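Undergrad: I would like to see how this sequence folds:
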Amino acid sequence: MASKLTRRDFLKTSALGVGALSVGATGRSARAQSATIRCGVVTSLSGANRFGGNLTRRGYDLWAEEINKLGGVEINGERYRVEMFYGDAQSNPSSGASAAERLIVQEEVDVIFGPYTSGVTLAVQPICNKYRVPMISGSAESPKVWVDQPPFNFGMIPAVDLSSGKSLGVIADAASPRPESVGVVGVNEPFSDDTAHGFRDGVEAAGLELTGFELFPAKADLTPVVTKLRSQDPDIVAVGGHEEVLINMVRTAKSLGFRPKALVMHYGITAPAFANELGRDADGVLGISLWTPGVSYRDDLFGSAADYDELSHSRWGSHPDYTEAACSASGLVLQDAAARLGKAPPWSQSDREALAQAIEATDIETFYGPVKFETSGDHFHNNTQPIPVVVQITDGRVVPVAPADAADGELVYPLPDWS
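TA: Okay, the predicted model is just below:
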C-alpha cells in the first residue's frame, strides 16, 4: 500500500509546501492588518522520533493547504487564511516546551497543533495552560496526558490503554490455531510503557498466558531482551515503542533467529518508514490502526476517507496512516470551533479561552471518523470514539485483517520462518 521512499525522500517530501504556508511577520499591527489564523505546530522534526514527527506535520499541513484553497476558515461569512509556524521538539520534551513558548510569545499563535509523542505533549501542555492557548493533539496516545484533566489540550486519538489490550483478543479470535501465550516488552517512556501495560492487561482479558513482561530504556541493546523472549517462547510477542525501536526489534529478532507466531506492535508499523526501512522483513508484523481508507466516514473538506487517502498520496508520495489522518482532522476541529466561536482573528486571551470551550463542545463527523471529546473522568478531553482495527504488513502494504467485518485480507498466522 505504501510507496517505496528512501529516508531522504521521505524527509524531503515532508518539508514541501512550508514556504507557501508560513509567514514571518509578527507584532500586533501586522496581525491586525493580515487578519489570519496563526497556528503553531510543535512536533519532532529531528531526532529519534523524526519519522512520526514529520507525519504529524504532513497531516496538519495538508489541512492548511486545503482550507486555504477555499480562502481560509469561514467565520460569519468571511474567510480567514491559515498561517503555519513550526517548532522542532527535537524528540525531546524540554525542547518541545521551549518551542511552544517561542511560538506563543514571539509568533503570537492563536492555537497549537500538538506533538507526535506523548512525552513531548506532556511537556507542552503546561505551556498552553500558562498562556491560555488551546492545543489540538493529533497524535498523543498515552493515558497520562488526560488523567490530570488538561483544560486546553484535546486529543484526537483514543488513549492506548483503550486500544492495545483489546487487540490481543481480536488476534486470538482470528488466529488458527488459537494462540496460548504472550510475551510483552516495551520502552520505559510515556506511550510506550502505557502500550506495554495495555498489552499486559489484555493478555488476561483474552484468556492467554503471560510468559514475561519487561520494560527497557529507549537506547537499550535489544539483544538480551530478544534472547529472553526466545527462551520464553511465547506464541505472540507484543511490543510497546515508537518506530525506531520497533525497526530494531525486528532486525534483532531476525539476527537471533527468533520468529514468534505473531508479532504485534501497535503504532509505528503504519508509518511508511517502517516498511521502507525493513523491506521484506516487515511482512507479517501486526499493528493497530484507528483509521483506514476503507471506513465509511466523510466531510465537506476532504470528502470520503478514500478521497483523503488519494489526496495525501498525491501530495506526499505515500499513503497516510491513522496519525496523519488524525492530524488533518485536527484542523477540521479547529475550523468547526472557530465558526461556532464567531469572532474574527486575531484572538485575545478571552477569545482563546472561549475557543477552548468551543473545541470542548465539538460533536462532528469527519473523514477520520466521529470527534467528540470526553468532559469527565480519566480520559478528559480525549476523543474516544474511533474503534481499533488490527492490521498486518503484507508485501509492504498495511492490510486490515481483523475483526472480520473490517478485514481486507486474511491474517497470516503462524508467521513463516525468516527467509
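
Undergrad: Least confident secondary structure element in this protein?
TA: When the helices and strands of the chain are compared on mean pLDDT, DSSP states H and E, helix 7-14 comes out lowest with a mean of 33.

Undergrad: Would you map the strands across the stretch 251-400 of the chain?
TA: 262-264, 286-289, 298-299, 303-304, 363-366, 369-372, 389-394, 397-402 (DSSP state E, counting those that start in this stretch).

Undergrad: Let me see the mean pLDDT of the fourth one.
TA: This points to strand 303-304. The pLDDT scores in strand 303-304 average 98.

Undergrad: Adjacent strands (with direction) for that strand?
TA: strand 298-299 (antiparallel) (DSSP bridges).

Undergrad: contact partners of the strand it pairs with?
TA: 304-305, 307, 332, 364-367 (C-beta atoms under 8 Å, 6 or more residues apart in numbering). C-beta coordinates here come from the backbone N, C-alpha and C atoms, glycine included.

Undergrad: 7 Å instead, please
TA: Here strand 298-299 makes contact (C-beta atoms under 7 Å, 6 or more residues apart in numbering) with 304, 332, 365-367.

Undergrad: Dump these to JSON lines, plus distance to Pro400.
TA: JSON lines is the format used below for the contacts of strand 298-299 (distance: C-beta to C-beta, whole Å):
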{"residue": "Ser304", "distance to Pro400": "16"}
{"residue": "Leu332", "distance to Pro400": "23"}
{"residue": "Glu365", "distance to Pro400": "20"}
{"residue": "Thr366", "distance to Pro400": "19"}
{"residue": "Phe367", "distance to Pro400": "17"}
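
Undergrad: Can you flag the buried ones in these?
TA: With neighbours counted using 16 or more other C-beta atoms under 10 Å, those contain these buried positions: 304, 332, 366-367.

Undergrad: And the furthest pair within those?
TA: Ser304 and Leu332 (13.8 Å; C-beta to C-beta).

Undergrad: re the thing from before, which of the buried ones among the contacts of strand 298-299 lies closest to Ala326?
TA: Closest to Ala326, out of all of these and judged by C-beta to C-beta, is Thr366, at 9.5 Å.

Undergrad: returning to that earlier point: biggest separation within the contacts of strand 298-299, which pair?
TA: Ser304 and Leu332 (13.8 Å).

Undergrad: Gly114 is in contact with Met135, correct?
TA: Yes - counting by C-beta atoms under 7 Å, Met135 touches Gly114, with 5.0 Å between them.

Undergrad: ok, these two, which is more surrounded?
TA: The residue with more neighbours, out of Met135 and Gly114, is Gly114; 32 against 28, by other C-beta atoms under 10 Å.

Undergrad: any idea of the pLDDT on that one?
TA: Reading off the model, Gly114 has pLDDT 98.

Undergrad: Surely it is in contact with Gly138?
TA: Yes - Gly114 is in contact with Gly138 according to C-beta under 7 Å; the separation is 6.3 Å.

Undergrad: hmm, back to that, so can I have TSV of the strands of the stretch 251-400 of the chain showing distance to Ile236?
TA: TSV is the format used below for those (distance: least, C-beta to C-beta, whole Å):
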stretch	distance to Ile236
strand 262-264	4
strand 286-289	9
strand 298-299	35
strand 303-304	34
strand 363-366	33
strand 369-372	27
strand 389-394	12
strand 397-402	13
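
Undergrad: which residues touch the residue nearest to Gly53 when sequence neighbours are not counted?
TA: Of all residues not flanking Gly53 in the chain, Ser44 sits nearest, at 3.2 Å (C-beta to C-beta, 6 or more residues apart in numbering). Contact analysis of Ser44 by C-beta under 7 Å, 6+ apart lists 50, 53, 89-91, 115-117, 120.

Undergrad: can you rerun that using 10 Å?
TA: 50-54, 56-57, 88-92, 95-96, 115-117, 119-120, 139, 242 (C-beta atoms under 10 Å, 6 or more residues apart in numbering).

Undergrad: Mind checking which of those land in helices?
TA: The members of those that map onto helices under DSSP state H are 50-54, 56-57, 95-96, 119-120.
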